Each structure stands twice: as C-alpha cells, then as structure tokens.
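Enquirer: I would like to see how this sequence folds:
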Amino acid sequence: MAAATTASPATAPSPFPSTTRKPSLPILRLSRKFKLPAASLSSDPSPAFQSVTAFAPATVANLGPGFDFLGCAVADASLSLGDTVTATLDPALPPGTVAISAVTSPARPHLAARLSRDPLRNCAGIAAAAALRALGVRSHAVSLALAKGLPLGSGLGSSAASAAAAAKAVDALFGSLLTPHDLVLAGLESEKAVSGFHADNIAPAIQGGFVLVQSYDPFTLVQLPCPPALRLCFVLVTPDFEAPTAKMRAALPKKIDIGHHVRNSSQAAALVAAVLQGNAAGIGSAMSSDGIVEPTRAPLIPGMVAVKAAALEAGALGCTISGAGPTAVAVIEGEENGEEIARRMVDAFWSAGKLKATATIAQLDRAGARVISTSRLLK
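Expert: Numbers count the residues shown, from 1 in each chain. All right, here's what the predicted structure looks like:
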C-alpha cells in the first residue's frame, strides 16, 4: 500500500562526507564534502527481499565528560528499548522515493500522533532516503512503517534509533551492500537535519558498543573494544518530563575555565581507558565526574541532583545525565542491585522533583542496528 504522504526522492545530491578507511582498524575518517562513488551511483541494485524489519537500540550520549564525542548503545532482552522500522518495496510510489505508511508507538499510543509522516520531516524517512542514494537505487521505491519504542526528548537517542533502524532496513532490503560506516553517514544526515551535526548517538546506534568521535573535521570515529567478560549494566530512569536537545544545548556555557577543561579531558580519557580495560568501577567514576555540562543541565531537570545522589548512595558505580536528559543513567556491574538502585532513583525524582518516573535495567548492546525479520520477494 502506498503511503498517503509526500514521497521523498532518494536521488538528490547527498551532503555526506567521503570516506577513507583502513579495514584492519575500527576507525572511520571522513571529509566534510561527500560525493557518492561512481560505482554506487550506477549500480541500481536489485531487491533481495520484499520487506525487511530492523531494530536499533537506545543510546547514552556524552557518558558524563564526553560531551558530543562519546556514546554507547544499550538495550534490554525484549528489544523494547529502541525503535523498529519495516521497509517494504512499494510499486505504487515513484521509483527512487521513500514514503512513510505508518507510525505507531505501542507503549505510548499518544506519541504516534506527534510524529510527522512526511519523509522529509521524519528521522526515519531522511535516513532511508540517504541510504537509497548511497545504494544508487533508482528503479524501486520504499515505504516505511516506524514503531517507536523510545520516548521523545528523553536523552536516549530517540531520533538516532529511528534513523539507524531505517538505514539498516533499507540497506538489507537491497542485499546489505553498505558498510557500517556508510550507514552511520545515512543516519548522520538525519541527525544533522533534526538536532545538529553530532554523532555520539547515531554511531553507537549503528555500530553498537562504545564509540568515540575523535574528530568532526575530518569526521573520525573509533570503535572502543570492550572485553566480553564485562557485565556492564545501565539503570535508566526517565521522568515524565521532556528536555528538548535544542533547549538543553542553549543552556551550555559559552566559555569554560581552563581548570575545568583539564579535569573533564582527563576524566574522558580515564573513561576510554576503563572501557578498554573492562573496568566497570573506572567507567562509573569517570561518568560521574563531568564538571562542565552536567552542572548547567542538572538544575533544568527537577530532582536530577537528588537522583544522582540516591543512585550513588544505593551502590551505583556512577551516575550522570543521559545525553541532553532528562533520563538519569546509573552504571552497575551485573544486575543484582539494579532494582533497588532503580527504586531509589524513581523515589528521588518524585520526592525532590515531583516527577513520576519509569525505570529500565539495560545491558551494553554490542550489536547495534540489526535485521530481525525478512519476507521473500513476491513472484
């Protein structure tokens, strides 16, 4: 069925940067100017499936002192902590276009009405069109069905999850020809249109695990390998309160003291070292040590200061604001104390901020965006 919305052409010039990679290193370097490879532009690949459903996890950006350059992916066993997109071949649409046929939110029915079905104004639509351009698809059109598992303005990478799932689904629909680096670029085009040119959500949403944005010009990503034995878990407590990214960015200081800069830099470096070492206590300690961004944003989220104190008193290894907030994220090793820490944090949001809150205990998601189902081509 064709969507009753505007179809977005996927053949316009893309602003993606170009890529230069060494396959042996988990590093991506890109220039600001992007030009699709000639082979990609002329390929017009054939579909591999009639439809593909992909899931992309929630993400925790900044991780305390790593503002705009550190992030990680998190998910629960039921895959409810993330977004799902189904991409379907749609012969009723003009070739080379994208449309959005449905937007649902099973856990939050009211949320679906707030999201546009215009593919030019929807994160999933923008990323899907970007993926089609990267693939060089010109003879087929795609309709998308977006199922939102994440709340808006929560600090859990809601826009990035939609973009990552859409890019992954479209790529798989045509045989999974794009690299993870290409998928990050497709998602980044969506992020750039919605919340600015920052990759600390979209990169881990695509690649999974911990990701460091080494540089934005040239754009360089580094995947941080984390020892498999590390049982890192995250207590995510989201109050009934929206913290739009634009508003939270506007609150940031325009100038910072050199001493604060040095301390934050050292704590960010300590966090990276702790990830590589598999040191959960070190990760938590560094996450709790942001002296620049968290102090300016915490007062804008009722009860946040008390929530952090409650988490640490209950035994969390560290606690900070997830992304722009308002979600508070506490780090623990294993899930044994997770429910008690979550209860204390929820209680603190109510007692100190008069905000109701919900809690989820999640694990580090090492897979990132992935295909969860496919359907065969129609004969």
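
Enquirer: where does the stretch 251-379 of the chain have low pLDDT?
Expert: Regions of the stretch 251-379 of the chain meeting the criterion pLDDT under 70 are absent.

Enquirer: which residues of it fall in helices?
Expert: 258-277, 280-287, 293-297, 304-313, 338-353 (DSSP state H, counting those that start in this stretch).

Enquirer: So which bits of the longest one are buried?
Expert: Applying a neighbour-count criterion of 16 or more other Cβ atoms under 10 Å, the buried positions in helix 258-277 are 263-264, 267-268, 270-272, 274-275. Yep, even glycine has a C-beta here, placed from its N, CA and C like the rest.

Enquirer: now do the second one
Expert: Neighbour counts over helix 280-287 (16+ other Cβ under 10 Å) mark 280, 282-287 as buried.

Enquirer: what do you get for the shortest one?
Expert: By neighbour count on 16+ other Cβ under 10 Å, the buried set for helix 293-297 is 293-294, 297.

Enquirer: Would you mind giving those residues as JSON lines with distance to D257 added?
Expert: Output for those, formatted as JSON lines (distance: Cβ to Cβ, whole Å):
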{"residue": "V293", "distance to D257": "14"}
{"residue": "E294", "distance to D257": "15"}
{"residue": "R297", "distance to D257": "17"}
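
Enquirer: quick revisit: with distance to G175 as extra columns, can I get the helices of the stretch 251-379 of the chain in TSV?
Expert: Converted to TSV, the helices of the stretch 251-379 of the chain look like this (distance: least, Cβ to Cβ, whole Å):
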stretch	distance to G175
helix 258-277	33
helix 280-287	38
helix 293-297	41
helix 304-313	45
helix 338-353	40
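
Enquirer: M287 contacts C319, correct?
Expert: Yes. M287 is within contact range of C319, at 7.3 Å (criterion: Cβ atoms under 8 Å).

Enquirer: where do the contact lists of the two overlap?
Expert: Here M287 and C319 share the contacting residues 329, 331, scored by Cβ atoms under 8 Å, 6 or more residues apart in numbering.

Enquirer: Contact partners for L115?
Expert: 103, 122, 146, 148.

Enquirer: Now these in TSV, please, with extra columns for secondary structure and neighbour count.
Expert: Below are the contacts of L115 laid out as TSV (DSSP: H, G, I helix; E, B strand; the rest coil; neighbours: other Cβ atoms under 10 Å):
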residue	secondary structure	neighbour count
V103	strand	20
N122	coil	27
L146	strand	27
K148	coil	24
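
Enquirer: circling back: so which of the buried residues of helix 258-277 is the closest to V74?
Expert: V275 (13.9 Å; Cβ to Cβ).

Enquirer: Could you check how far the closest one is from A193?
Expert: Per Cβ to Cβ, to the nearest Å, V275 is found 30 Å from A193.

Enquirer: The stretch 51-200 of the chain: helices as residue ranges?
Expert: 109-112, 123-135, 158-173, 180-194.

Enquirer: ok, now how distant is E294 from I100?
Expert: 36 Å.

Enquirer: Go through the helices of the stretch 251-379 of the chain and name the closest to A129.
Expert: helix 293-297 (32.4 Å).

Enquirer: Touching the closest one from outside, list them.
Expert: By Cβ under 8 Å, 6+ apart, helix 293-297 touches 62, 64, 67, 243, 248, 251-253, 304, 320-321, 324-325.

Enquirer: could these be laid out in JSON lines, adding neighbour count?
Expert: Formatted as JSON lines, those follow (neighbours: other Cβ atoms under 10 Å):
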{"residue": "N62", "neighbour count": "28"}
{"residue": "G64", "neighbour count": "28"}
{"residue": "F67", "neighbour count": "19"}
{"residue": "A243", "neighbour count": "21"}
{"residue": "M248", "neighbour count": "21"}
{"residue": "A251", "neighbour count": "13"}
{"residue": "L252", "neighbour count": "13"}
{"residue": "P253", "neighbour count": "11"}
{"residue": "M304", "neighbour count": "28"}
{"residue": "T320", "neighbour count": "29"}
{"residue": "I321", "neighbour count": "28"}
{"residue": "A324", "neighbour count": "26"}
{"residue": "G325", "neighbour count": "29"}
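
Enquirer: Just grab the bridge partners of V52 for me.
Expert: A87, T374 (DSSP bridges).

Enquirer: Make sure it is actually in contact with G175.
Expert: No. Taking contacts as Cβ under 8 Å, V52 lies outside contact range of G175: 10.3 Å.

Enquirer: more crowded one of the two?
Expert: The neighbour count for V52 versus G175, taken as other Cβ atoms under 10 Å, is higher for V52 (26 against 13).

Enquirer: give the contact list for that one.
Expert: 86-87, 169-170, 172-173, 371, 373-375.

Enquirer: pLDDT score for it?
Expert: pLDDT recorded at V52 is 98.

Enquirer: Next one: it from S375, what distance?
Expert: Distance from V52 to S375, by Cβ to Cβ: 8 Å.

Enquirer: Then A147?
Expert: Taken as Cβ to Cβ, the span from A147 to S375 is 16 Å.

Enquirer: Same question for P239.
Expert: 39 Å.

Enquirer: which of the two has more neighbours?
Expert: Neighbour totals were compared for P239 and S375, and P239 leads with 26 against 13 (other Cβ under 10 Å).

Enquirer: so that one makes contact with K356?
Expert: Yes. Judged on Cβ under 8 Å, P239 makes contact with K356 at a distance of 6.9 Å.

Enquirer: what is in contact with those two at once?
Expert: Counting by Cβ under 8 Å, 6+ apart, the residues touching both P239 and K356 are F349.

Enquirer: now the spatially closest residue to D44 that is not a sequence neighbour: how far from G125?
Expert: Closest residue to D44 apart from its sequence neighbours, by Cβ to Cβ, 6 or more residues apart in numbering: R138 at 5.0 Å. Distance of R138 to G125, given as Cβ to Cβ: 18 Å.
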